[in-house]
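Q: Sharing a model prediction with you, sequence too.
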Amino acid sequence: MSDSVFSGLEPAAVWSHFATLCRIPRQSKAEDALRDHLLDWAQGRGLAAAVDGAGNLIIRKPASPGHEAAPGVVLQGHLDMVCQANADTPHDFARDAIRPRRDGGWLVADGTTLGADNGIGVALILAALEDKALIHGPLEALFTVDEEAGMGGAQGLAPGVLQGSLMLNLDTEDWGEFYLGCAGGADVNVHRPGHPARLPTGFICRRIRLGGLRGGHSGVNIHEERGNAIKLLVRVLRSLEADFPLRLASLQGGTARNALPREAQAVVALPTTQVAELEEALAGWQALLREELAGVDDGVSLHTGPATADMLLAETEQAVWLASLHAAPHGVRRWSLAVPGVVETSNNLGVVSVSPTEGSANFMVRSLRDSGSTALAEEIVSLFALSATPAEISGHYPGWTPNPASPLLALCQAAYTREFGGESQVKVIHAGLECGIIGAKYPGLDTVSFGPTIRGAHAPGERVDIDSVGRAWQLFTAILADIARSPR
């Protein structure tokens, strides 16, 4: 990857670090290469750095001269990124560099996610750690791992490691907004053994692909009524079952638990004489779905083509999977009454993989209330229990309860008004941030989250507003200087 795309961008130090993050693969649970690079980078600059038992990287920078007595600040972001690519984009996230380009005032990735979530936040923190002219109190950079695949790094952070009393999380996506609360959640993982059946005589296999959806972040975009490729394809298959002696050989959809599924495909078998009728039915379904999703997912498409399969799902297994997935919840369950305009509870049916020998599915439940995520997760478990299909709730993490009286928030708002004029906004986000998990381990830690403008996170075409990165750096450094000058 050429760094020429970053030439002339300011602040140069921030973009230089982001260029490094684009070069080094950083899938969830495989952040070792990046973490080791940053560990060497920190030690080479005389900064104290260590990796904890969960794999998180912690870098400490002493206060600038004269500000040793200022409150300590934890600067927090996560190293991993959501790895999503379009089906027609060859990209190996375990090996290939991200290839960004400029598009007007945006930096974007073609055909893949960009990793601005949370790479820009990490780059801002790294720039602060190396800036010798910066005014600040004692700093601790906490770079967590495995955020996107279960928040494993934050979950594994031990109490007593962090020393700061304030925390700035740099993992939000709307410039001019300070976040003071977020949803918690849990995963529901479903697994069922299968019973293969043979292909009936006179049947032919066809592959049905549903694609062209926008996808997106399962917390940020869940309320926008974007299509879920898994749910839509299952709906189509259920309808086809009523019109054809359709048999299912496989069903695949989604690649990440926290991304709205953009694509799904199924291999089906039906009598050779009915292939033309199948194509006609799918054309009708495509027209209907485009009408239903107009203005939201106009590009939805249904295609069919040749396929082969040695075995099929047993008819009883096909009935269990298609009926259960058709009935399974997806989308907004409840809007918050306490925080108008904010989703309280939702669910994302993110990944499905069904074959003749076994099947699995993942649901990601979010809620501002722990009781809300528990109730919805248990509802999904109960649904699958009707067919004696095992489902397990795992990875529960707490929400981040807002504190409108936060002194750190007041300081951040004052800095924003001074630097940019006007008023900032205070928000609660339905997406999951690590703040709730870390706050549960460090009671009393005063936390605020902010960042530049990012669009399309968790989906190919993810982009970051270039100018907002410069403004975020200006605000970030101003807040650190204000904290340094405040009494402990």
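A: Nice, thanks for sending it over. Numbers count the residues shown, from 1 in each chain.
Q: burial of the nearest residue to Leu251 once chain neighbours are set aside, as a residue count?
A: Excluding the flanking residues, the one nearest Leu251 by Cβ to Cβ, 6 or more residues apart in numbering is Val354, at 4.2 Å. In short, each C-beta sits where N, CA and C put it, glycine included. Residues near Val354, counting by other Cβ atoms under 10 Å, number 25.
Q: again, but for the one 5 residues further on
A: When neighbours are defined as other Cβ under 10 Å, Gly359 has 23 of them.
Q: Leaving out sequence neighbours, find the closest residue to Phe363.
A: Phe363 sits nearest to Val188 (Cβ to Cβ, 6+ apart), 4.2 Å away.
Q: And Thr172, by the same measure?
A: Gly451 (4.5 Å).
Q: mind listing what that neighbour touches?
A: By Cβ atoms under 8 Å, 6 or more residues apart in numbering, the contact set of Gly451 is 120-121, 124, 170-175, 472.
Q: Gly121 - that's part of a helix, no?
A: Yes - looking at Gly121 with DSSP: H, G, I helix; E, B strand; the rest coil, it is inside a helix.
Q: gap between it and His17?
A: Gly121 sits 11 Å away from His17, going by Cβ to Cβ, to the nearest Å.
Q: more crowded one of the two?
A: Gly121 (29 against 23).
Q: picking that back up, closest to Leu157 out of the contacts of Gly451?
A: Asp171 (15.1 Å; Cβ to Cβ).
Q: Relative to Ala440, how far out is the closest one?
A: The gap separating Asp171 from Ala440 is 17 Å, by Cβ to Cβ.
Q: what does Ile380 give?
A: For Ile380 relative to Ala440 (Cβ to Cβ), the value is 24 Å.
Q: Compare those two (neighbour count), which wins?
A: Neighbours were counted for Ile380 and for Ala440 using other Cβ under 10 Å; Ile380 has more, 22 against 17.
Q: Once you drop chain neighbours, what's closest to that one?
A: Val188 (4.7 Å).
Q: which phi and psi does that neighbour have?
A: Dihedral pair for Val188: phi -120, psi 120, per degrees, to the nearest 10.
Q: change the start of the numbering to 24 and stick with it
A: Sure thing, new numbering starts at 24, so read that last one as Val211.
Q: How many residues are close by it?
A: Under the criterion other Cβ under 10 Å, the count of neighbours that Val211 has is 25.
Q: hmm, back to that, let me know the pLDDT of the residue nearest to Thr195.
A: Note on Gly474: pLDDT of 98.
Q: what do you get for Arg230?
A: 98.
Q: Counting neighbours, what do you get for it?
A: The number of residues packed near Arg230 is 17, by other Cβ under 10 Å.
Q: try Pro113
A: Based on other Cβ under 10 Å, the number of other residues close to Pro113 is 9.
Q: what's the answer for the one 4 residues further on, then?
A: Ala117 is surrounded by 10 other residues when neighbours are defined as other Cβ under 10 Å.
Q: Doesn't it lie inside a helix?
A: No - secondary structure of Ala117 (three-state DSSP): coil, not part of a helix.
Q: Tell me the spacing between it and Ala480.
A: Applying Cβ to Cβ, the value for Ala117 to Ala480 is 21 Å.
Q: ok, now Ala504?
A: 29 Å.
Q: The residue nearest to Leu274 against Val343, yeah?
A: No - contact criterion Cβ atoms under 8 Å: Val377 and Val343 do not qualify, at 9.9 Å.
Q: related to what we said a few turns ago, next one: phi and psi at the residue nearest to Thr195?
A: When quoted as degrees, to the nearest 10, the phi and psi of Gly474 stand at phi 180, psi -180.
Q: what do you get for Cys435?
A: phi -60, psi -40.
Q: Tell me which residues touch it, please.
A: Contacts of Cys435 by Cβ under 8 Å, 6+ apart are 201, 447, 471, 473, 498, 502.
Q: mind putting those in a markdown table, secondary structure, distance to Pro268 and neighbour count included?
A: As requested, these are exported to a markdown table (DSSP: H, G, I helix; E, B strand; the rest coil; distance: Cβ to Cβ, whole Å; neighbours: other Cβ atoms under 10 Å):
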| residue | secondary structure | distance to Pro268 | neighbour count |
| --- | --- | --- | --- |
| Phe201 | strand | 58 | 20 |
| Ser447 | coil | 61 | 19 |
| Val471 | strand | 59 | 24 |
| Phe473 | coil | 57 | 25 |
| Leu498 | helix | 63 | 24 |
| Ile502 | helix | 65 | 23 |
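Q: Mind splitting the chain into its structural domains?
A: Using automatic domain parsing, the domain parsing of the chain gives 26-206+423-508, 209-420.
Q: Look up the pLDDT of Gly445 for me, please.
A: pLDDT recorded at Gly445 is 90.
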